[in-house]
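**Student:** Prediction below, plus the sequence it came from.
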Amino acid sequence: MTVNIQTAPAEASATAAHDYVRLIAWRHRYLAAIVIAYGGAALATASFHGDGKVGTPLGQFASISIVAIACIYGLAWSRPAWLARILPPDERENGLPSQRVLQGLFAIVLLPLFFASFSAFKTMIPAINPFRWDGAFAAWDATLHGGTDPWRLLQPVLGHPAVTIAVDWVYSLWFFVVFGALLWQVFSVTNAERRMRFLLSFVLTWITIGTIAAILLSSAGPVYLALLTGEEAGYADLLAYLHDIDRQYPILAVQAHDLLWQTYRSGEMELAHGISAMPSMHVAAAVLAALLAWRSGKVARIGMIFFVIMIFLGSIHLAWHYAIDGYVAAAMAVMIWKATAPLARRALAPDPADIYGVD
């Protein structure tokens, strides 16, 4: 929904500028409510399942973040004179730099709290629900693929050192692609509904898939299957192959495998060191980025389809995930994307009483 505010120049109409600031704050109300609720849930969970290395920094970080969010939203309704002078209202279809910065501020101030909460939850997964699904997922994976582990089906194509190294690098690019898409939409002014839909889908994907489903379906992934269950046959050959290459040319995935396992075995909960396989957040976030780019032209669409396929295949070939982790994650990401369309439209609908000061 497009909302037009007809105003005089900002220096002649402080009210118009304030109205615009309040409109932006109102549009981000659902996003803010979701993130703050998620942060509160992370704090409550850390008080029961976390230790000092999770609970204390998360509590400090959340307190600072929530105060910052409250201050920014408070400014939107307190109407200080200086705010009107530095943030003039938008009078052009694609927005002014001040508009881009303003709406980006309301979104980006939420992200540190959001990712700290996600990291805390991921770290606490084995404390909340110990890894118990790996044996079942490995068996289902083989059954679903004709009695053969999916990585063995891929090995004739991907099982060459140069190919594996390339797959490892593409898999490592996931961070830049996904978070590049996030920053693009945080500061985008070209399509308000698409922007809000992506931001809502993004946080709900990480909450629903990366936290709730990950806790309920707690699993560590193929790389840790033998260490957790003693079932060495399924993935021993794949891991031996990856370690052989790593001795000649560093494989980032292998180094990450070892780091995460050492942290897990130490019994210490540290932010950004959690293990979780089902569903695959790598696949889910890649699918979400592809859905965002779907109407951005044929080149973008084809490029993102290729990227999703490579992330899915890489998640199996690099022993991070069972194939079903990716299937479930992709299906859930699409469902979340579809479900957020009406919520995004509702978020963009102005409330006259709050925006225009109607009593």
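**Tutor:** Arrived safely.
**Student:** Dump the C-alpha coordinates for stretch 301-316 into CSV.
**Tutor:** Output of stretch 301-316 as CSV, limited to C-alpha atoms (Å, rounded to 0.1, in the frame of the first residue of the first chain):
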residue,chain,number,x,y,z
ARG,A,301,16.2,-15.3,-11.0
ILE,A,302,18.5,-17.8,-12.7
GLY,A,303,21.4,-16.7,-10.6
MET,A,304,19.5,-17.3,-7.4
ILE,A,305,18.1,-20.6,-8.5
PHE,A,306,21.7,-21.7,-9.1
PHE,A,307,22.8,-20.4,-5.8
VAL,A,308,20.0,-22.3,-3.9
ILE,A,309,20.9,-25.5,-5.7
MET,A,310,24.6,-25.1,-4.8
ILE,A,311,23.8,-24.4,-1.2
PHE,A,312,21.6,-27.4,-1.0
LEU,A,313,24.1,-29.7,-2.6
GLY,A,314,27.0,-28.2,-0.6
SER,A,315,25.1,-28.8,2.6
ILE,A,316,25.1,-32.5,1.8
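**Student:** what sits up against it?
**Tutor:** 150-151, 154, 158, 167-168, 170-171, 174, 177, 222, 280, 282-283, 286-287, 289-290, 293-294, 320-323, 325-326, 330 (Cβ atoms under 8 Å, 6 or more residues apart in numbering). Glycine gets a C-beta too; all of them are placed from N, C-alpha and C.
**Student:** Now, of those, which are buried?
**Tutor:** Among the contacts of stretch 301-316, those buried by neighbour count (16 or more other Cβ atoms under 10 Å) are 150-151, 154, 158, 167-168, 170-171, 174, 177, 222, 280, 282-283, 286-287, 289-290, 293, 320-323, 325-326, 330.
**Student:** Now name the helix or strand holding the closest residue to Y38 other than its chain neighbours.
**Tutor:** Leaving aside its chain neighbours, Y38 sits nearest to S117 (5.1 Å; criterion: Cβ to Cβ, 6 or more residues apart in numbering). Using DSSP states H and E, S117 falls within helix 111-128.
**Student:** buried set for that helix?
**Tutor:** For helix 111-128, by 16+ other Cβ under 10 Å, it's 111-127.
**Student:** That helix: how far from the chain's middle?
**Tutor:** Centroid separation for helix 111-128 versus its chain: 12 Å, with Cα atoms, centre = their mean, to the nearest Å.
**Student:** Please write out the alpha-carbon positions of it in PDB.
**Tutor:** What follows is helix 111-128, C-alpha atoms only, in PDB (Å, rounded to 0.1, in the frame of the first residue of the first chain):
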ATOM      1  CA  LEU A 111      18.900  -6.600  14.100                       C
ATOM      2  CA  PRO A 112      21.600  -6.800  16.800                       C
ATOM      3  CA  LEU A 113      19.000  -7.900  19.400                       C
ATOM      4  CA  PHE A 114      17.500 -10.300  16.900                       C
ATOM      5  CA  PHE A 115      20.700 -12.100  16.000                       C
ATOM      6  CA  ALA A 116      22.000 -12.200  19.600                       C
ATOM      7  CA  SER A 117      18.700 -13.900  20.500                       C
ATOM      8  CA  PHE A 118      19.000 -16.400  17.700                       C
ATOM      9  CA  SER A 119      22.600 -17.200  18.600                       C
ATOM     10  CA  ALA A 120      21.700 -17.700  22.200                       C
ATOM     11  CA  PHE A 121      18.900 -20.100  21.300                       C
ATOM     12  CA  LYS A 122      21.100 -22.100  18.900                       C
ATOM     13  CA  THR A 123      23.700 -22.500  21.500                       C
ATOM     14  CA  MET A 124      21.200 -23.700  24.000                       C
ATOM     15  CA  ILE A 125      19.500 -26.300  21.700                       C
ATOM     16  CA  PRO A 126      21.300 -29.400  23.200                       C
ATOM     17  CA  ALA A 127      20.500 -28.200  26.700                       C
ATOM     18  CA  ILE A 128      16.800 -27.700  25.900                       C
END
